[in-house]
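K.L.:
below is the sequence, then the predicted model.
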Amino acid sequence: MKKFLVFLLIVFLVVAVVAGAGWYFFYSNGIAVFVETFDHGYLTVDSKNIEGTDDKYRIDARLGETLNFRIIPQRDNKSYYVLDELTVNGVDVTDQVSMLQYRTTVYKKMTITATFKKGTRPVKKDAQAADQHVKAPTIKTPNQTAYLGSLAAYNIKDPSVIYDESSATYYAFGSENVVVQSKDLINWTGKTTYFETVATDDATLVLNFDQFNCVKKWAKQHGYRKDARYSTEQNNRAVLAPDIIYTKGTYYLYFSISKSENANESAIFCVSTQDLATAIKTKTWNECGLVICSCGCNAGEAPAPDDEKLEKAQYDASNCVHPSVFFGADNKMYMAYGGYYGEDEKDGGIYLLELNKQTGLLKKNSAINAQGAPLGCLHGDAGYHTGVVLAKPGDVSGSETDARNIVSAPELFYEKKQGYYYLLTTYGIREKNQSIRIARAQELTGPFVDLSGFSMADNGKSSKDQYEKGTVLYAGYNFDMSNGGKAAYSNAGKASPGSPCVFRTATGKWMLADQAQIYYKVGTALVAGEAEAARAELTVDAAPSMEVRRVLWTKTGWPMVLPEMYAGEGSSTFTVSKLMTGHWDVITMAPESGADLSAFTCNHSQIMSILADRAITQKNLEKKTKLEKLSFRKDGKGGFLVLIDGTEYTVYTAFAWDWELSESTLTFVGYGADGSTVWGKKSYSPFIGTYTDAFRGLLDRLPEQTQRIYEAQAREFGEAPTQSEIDTLTEEIMEMVLAQE
C-alpha cells in the first residue's frame, strides 16, 4: 500500500510538472490568435501587437485573456458594406455581435474570420443640418489625380494665388514655370507656362535666360553656360517659388533662381505687367530687374568652380529664395525671403527688406535694408545686406539634419482688423515632414512670437526646445477613423504641407493655398494600432499639389485653417451646442520636443464623442479617464471649450464638404492652451457615430449585471439603431458611471 501511495504521489508530481510546464509555456509565450478578414472589411483588437497584412494577421494573447474585437466594414466609392458572418474556429458567432463589437476569451489557438456583404448607405438623419448649408461642389474637370489636391492643380508647387479683377479669374503661379487659373478656387484649368522656356533633357519647363537681361547677366557672372541643360546640382534654370502682388494698376511678379542645392548661390528677380492675362498668354513681361542675390561666398570672393570647393565656401548669411511681398500698416512695400542653407546655426533663416513701390526693387537709403550681414554678390551693385532677421533655424545639432534645413518659405502679411503682422513659415524637411507654423507681431520687424510666447528669431538657446518653435497651423495628417481606421491610398490624409500663401477672395474671404502630398505605406495600408516603427515605411506619392482652404479667426486674433479643402461654401458657422453633440474624427497637431525632422511623420485621428457636457476620446476610454475630469461647454465668445486628452482647446465651427466621403459635414478647428492645434470633422460614415467605442467603453465600467441589462436594451433597437437611440442610451450609461465615480 505504501508503495502504491508513493507511486500515486510520483504520478501526481509528474502530471503537475508537465501541466505546470505546459501552462508556463503557453502563459509565457502566448497563444496565437489569427484574424482573417475578407471582402471590404477588417477587425481591430484592443491595442495588441499586430503582425501581417490587412487580410490576415496575428495577435499574441494569454490563456484566459478577454479580447475585444471591433468589426469595421469598408467603404468603396459610394457603396457601404455590412457584416455577413463572423466565425471562431469555424463556428458561426454572428448572433453574438453587438454594436459591431465582439468579445471572446482565449482558451486555445484560435482563428477568427469575418466576411462582409454589400449593404445600403445609412440614412443621414443627423446630417441634415450640414446638408442644408453645404451642397456638393460642381466638378467641371474630374480626373484621376483630383484627390491629390484642388482639381487640376496637380504638381503646382510653392503656389502664389491672386485675383485678377479685369478677367474675374484667380491665377495660381507655381515653381518650375507653371500657372493655372480658376473661377471658383475649386476647378483649376489652363495649365501653362508664364515665361519663355528652353528645351531640356527631362522636359522640365525651365526659364529661357535670354528673355530677361537681368537674369542673363546674373547667370553669366555665376558660371551658367549658354548650352547648359537642367540639373538639380549645377546650371539650375528652374523658376522657384514665385510671388505676385498688385498695386495701382500694376502686377509685380517676383521669382527666384538657385544655381545649386549645395550652396545658397541664388537670386530674386522682379518683372511686371498691367495686363495679367495677356502677359501669361504671350509670355511678355516688363523687366524690373534683380532685387537681391547671394553667391555662396563672402563679399569679393569668386564663386567656387566645382562642387568640392563649393562645399567649402563660406556661405552668405541668407539664401535669396522664396520672396513674400506685402504692404505694411504704413502702406509701404516690403519683402520677406529666405530659408535653407547657412554655415551654421547663426546663418540661414527668414529676413525682411523694404521695396520701392514705383520700381518693385530694393528701396535705397532704407534703415531696414542696411541691417544684417553683407551679401557677397558679384552683380556689381554694392550695399547688399540681408535686412532684419525675422526667424532663425536655431541650434539643432545632433540631428541627422543640420540647422539650415529647418525653416523656409515665408509668408508675411498684415491684417488691419486684428492689428498684427503674421509670419507663416515652412518648418521641417521638404517632402518628408514639413508643417506650416505661424507667429505674429505688433511691429513689422518683430519679434514674431507663437501662441506660447516663443520668438521665431530665438536661436534655440532658451529653455524651449527648438523643434517646438512656432504654432502649428497644420501638419501631415490622416483622418484614419473616417476611412475605417486605415491610412489608405486615398484622400483621407496629406503629408508634408508647406509653402503657404495667404490671400483674399473677390468677396473678401481669407484663404490659404499651400502644397501637400498624399501619403501611403509601401506595399500595404497602415492598420490602426500598428507599431509606431512601421511609419518609417511611409512614403509620399508623386509631386506636391496645391490645396486651397478657408481661414477662420479666433477671437484673440489668430488665423486657423479648416480641415477640409474649399468647396465653395460660404462663411456660415454655428454656435448651437446641439450640433456639436455626436461623434467626431479628431486630429491634434503640435510641435514635438526632440523630434527627428528627417523622418516622415503624420498625425493620426481618433474618435471623440460629445455627449451632454462631456467630450470622450478613444484615449480616454483606453485609459479609463474619470468622466468628472472631462468637459465640453460654450466659451461665451462664439466658440466651444473642449478638453481633449488633458489639453483644453478653444474651437470654432464651420460647415464644409467632406472630400474623403463625398458628403456634407460639420468641422471645427482650434488652438489648445499649450499652443497645439486640433481639427475635427463630424463625418456620417459607418465608421463614426453609431459604431463608436463610447457605448461599449462606458458600459465596461458598470457592473456585469447592469451591462447585461443595457446590452439587452441595445439589441431591442434592432440591427440598424438610429444615432439618437444609441446616444440617449449612452448618456444614461454615462450618468451612471459619473454617479459611481
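P.N.:
Now that the structure is in, tell me what you want to look at.

K.L.:
which parts of stretch 624-636 are buried?
P.N.:
Within stretch 624-636, the residues that count as buried by 16 or more other Cβ atoms under 10 Å are 625, 627, 630, 632, 635. (Glycine included, C-beta is placed from N, CA and C.)

K.L.:
now do the end-to-end distance for it.
P.N.:
Chord length of stretch 624-636, first to last residue, is 30 Å (Cα to Cα, to the nearest Å).

K.L.:
equivalent analysis for stretch 635-650, please.
P.N.:
8 Å.

K.L.:
could you do stretch 562-578 as well?
P.N.:
Using Cα to Cα, the span of stretch 562-578 from its first residue to its last is 21 Å.

K.L.:
list the buried residues in that stretch.
P.N.:
Neighbour-count burial for stretch 562-578 flags 562-567, 569, 573-574 (criterion: 16+ other Cβ under 10 Å).

K.L.:
need the max-distance pair from those residues.
P.N.:
Greatest spatial distance among the buried residues of stretch 562-578 (Cβ to Cβ): Met565 and Phe574, at 20.0 Å.

K.L.:
got the domain boundaries for the chain?
P.N.:
2-119, 694-740 (automatic domain parsing).

K.L.:
returning to that earlier point: which one of the buried residues of stretch 562-578 is nearest Val206?
P.N.:
Met565 (29.7 Å).

K.L.:
just checking, that closest one touches Glu547?
P.N.:
Yes: contact criterion Cβ atoms under 8 Å: Met565 and Glu547 qualify, at 5.6 Å.

K.L.:
mind putting the domains of the chain into a markdown table with mean pLDDT and mean neighbour count?
P.N.:
Shown next, in a markdown table, are the domains of the chain (pLDDT from 0 to 100; neighbours: other Cβ atoms under 10 Å):
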| stretch | mean pLDDT | mean neighbour count |
| --- | --- | --- |
| domain 2-119 | 74 | 15 |
| domain 694-740 | 86 | 16 |
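
K.L.:
which one, of those, ends up nearest to Pro497?
P.N.:
In terms of Cβ to Cβ, the element of those nearest to Pro497 is domain 2-119, at 25.2 Å.

K.L.:
how about Ile709, secondary structure?
P.N.:
Three-state call for Ile709 (DSSP: H, G, I helix; E, B strand; the rest coil): helix.

K.L.:
how about the one 3 residues further on?
P.N.:
Going by three-state DSSP, the secondary structure assigned to Ala712 is helix.

K.L.:
so Ala506 makes contact with Ser167?
P.N.:
No: Ala506 lies out of contact with Ser167 (Cβ under 8 Å); the separation is 11.5 Å.

K.L.:
what sits against Leu699?
P.N.:
Residues in contact with Leu699 (Cβ atoms under 8 Å, 6 or more residues apart in numbering) are 707, 710-711, 733.

K.L.:
so how many other residues sit close to Asp184?
P.N.:
Asp184: 15 surrounding residues under other Cβ atoms under 10 Å.

K.L.:
excluding chain neighbours, what is closest to it?
P.N.:
Distances taken as Cβ to Cβ, 6 or more residues apart in numbering place Gly568 nearest to Asp184, at 6.0 Å, with adjacent residues excluded.

K.L.:
the one you found and Val548, how far apart?
P.N.:
From Gly568 across to Val548, the span is 11 Å (Cβ to Cβ, to the nearest Å).

K.L.:
so what's in contact with those two at the same time?
P.N.:
185-186.

K.L.:
and stretch 325-333, end to end?
P.N.:
Span of stretch 325-333 from end to end, Cα to Cα: 7 Å.

K.L.:
okay, the contacts of Leu699 in TSV with distance to Pro497 next?
P.N.:
Compiled in TSV, the contacts of Leu699 are given as follows (distance: Cβ to Cβ, whole Å):
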residue	distance to Pro497
Gln707	44
Tyr710	43
Glu711	44
Ile733	40
